[in-house]
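Asks: What follows is a predicted structure for the sequence shown.
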Amino acid sequence: AQSVTQPDIHITVSEGASLELRCNYSYGATPYLFWYVQSPGQGLQLLLKYFSGDTLVQGIKGFEAEFKRSQSSFNLRKPSVHWSDAAEYFCAVRWIGFQKLVFGTGTRLLVSP
Amino acid sequence: DAGVTQSPTHLIKTRGQQVTLRCSPKSGHDTVSWYQQALGQGPQFIFQYYEEEERQRGNFPDRFSGHQFPNYSSELNVNALLLGDSALYLCASSSGQKNSPLHFGNGTRLTVT
């Protein structure tokens, strides 16, 4: 079955500290990988995407993510978190041959002063 | 350049009623997808429309139906509303190009009482 797992429901980091949000997926077909961010009451904004090529991708707002096929993972990172990064982050996967995006349950990021 | 617009932003309905949600895709996009996001969950794929036809459907009952118009806008209809249909309904659009990422609207918050 196609599934996406974000093992951390909540994460709290201090402003200026580094961040890593975890994402794992299951299903054997070629994946297309995405990270979205959602502020309260808002829709989803695309942070970055991976289709092929270099496994380290850069996105907006200083975020990056690394695709590790052997671990079925696509973790999101940021070297220095800002208070404005507090939001809900969703990992999503679309498998080749399918139109739908499968989302994880999300990780809520809290930023402490 | 207007992004994905959805209407209404909020809606309150009673069990058993019917509801219609509307979506206008981002300029240049011809494909519309609908997602349901329950509180505290990731979005779940309902269906996708392309060239006025349903191209793929998720695990939702037939009470959920849709339509796409020649101008690419779309409607989501839900009949015989249940309390469990209360959620944020997100519309996303994309272009016909391969690997075109989804752009999401801010959603319609539906409350069923």
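Replies: In hand now; what should we look at? Numbers count the residues shown, from 1 in each chain, chains lettered A, B, ... in the order given.
Asks: which residue is nearest the middle of chain B?
Replies: For chain B, the residue nearest the mean C-alpha position is B:W34 (3.2 Å; Cα atoms, centre = their mean).
Asks: helix, strand or coil for that one?
Replies: Of the three states, B:W34 takes strand under DSSP: H, G, I helix; E, B strand; the rest coil.
Asks: Tell me which stretches of chain A form strands.
Replies: Along chain A, counting by DSSP state E, strands occupy A:3-5, A:10-14, A:19-21, A:24-26, A:31-38, A:44-50, A:56-58, A:64-68, A:73-78, A:87-95, A:102-103, A:107-112.
Asks: TSV for the ones you listed, including mean pLDDT?
Replies: What follows is the strands of chain A, written out as TSV (pLDDT from 0 to 100):
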stretch	mean pLDDT
strand A:3-5	95
strand A:10-14	97
strand A:19-21	97
strand A:24-26	94
strand A:31-38	95
strand A:44-50	94
strand A:56-58	96
strand A:64-68	96
strand A:73-78	97
strand A:87-95	95
strand A:102-103	96
strand A:107-112	97
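Asks: With mean neighbour count as new columns, can these be given to me in TSV?
Replies: Backbone N, C-alpha and C define where each C-beta goes, glycine included. TSV is the format used below for the strands of chain A (neighbours: other Cβ atoms under 10 Å in any protein chain shown):
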stretch	mean neighbour count
strand A:3-5	16
strand A:10-14	13
strand A:19-21	18
strand A:24-26	17
strand A:31-38	23
strand A:44-50	20
strand A:56-58	13
strand A:64-68	18
strand A:73-78	20
strand A:87-95	23
strand A:102-103	22
strand A:107-112	16
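Asks: want to throw these into TSV with distance to chain B?
Replies: Formatted as TSV, the strands of chain A follow (distance: least, Cβ to the nearest Cβ, whole Å):
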stretch	distance to chain B
strand A:3-5	8
strand A:10-14	11
strand A:19-21	13
strand A:24-26	13
strand A:31-38	6
strand A:44-50	4
strand A:56-58	12
strand A:64-68	14
strand A:73-78	14
strand A:87-95	6
strand A:102-103	3
strand A:107-112	9
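Asks: For the residue nearest to the centre of chain B, list each beta-bridge partner.
Replies: With DSSP bridges as the criterion, B:W34 is bridged to B:F47, B:C91.
Asks: tell me the contacts of residue 63?
Replies: Let's take chain A. A:35, A:47-48, A:76-78 (Cβ atoms under 8 Å, 6 or more residues apart in numbering or on different chains).
Asks: um, chain B though
Replies: B:78-80.
Asks: hmm, 10 Å instead?
Replies: Counting by Cβ atoms under 10 Å, 6 or more residues apart in numbering or on different chains, B:R63 makes contact with B:18, B:77-82, B:85.
Asks: and the residue nearest to it when sequence neighbours are not counted, backbone torsions?
Replies: Computed as Cβ to Cβ, 6 or more residues apart in numbering or on different chains, the closest residue to B:R63 that is not its neighbour in sequence is B:N79, at 4.7 Å. Dihedral angles of B:N79 (phi, psi; degrees, to the nearest 10) stand at phi -100, psi 160.
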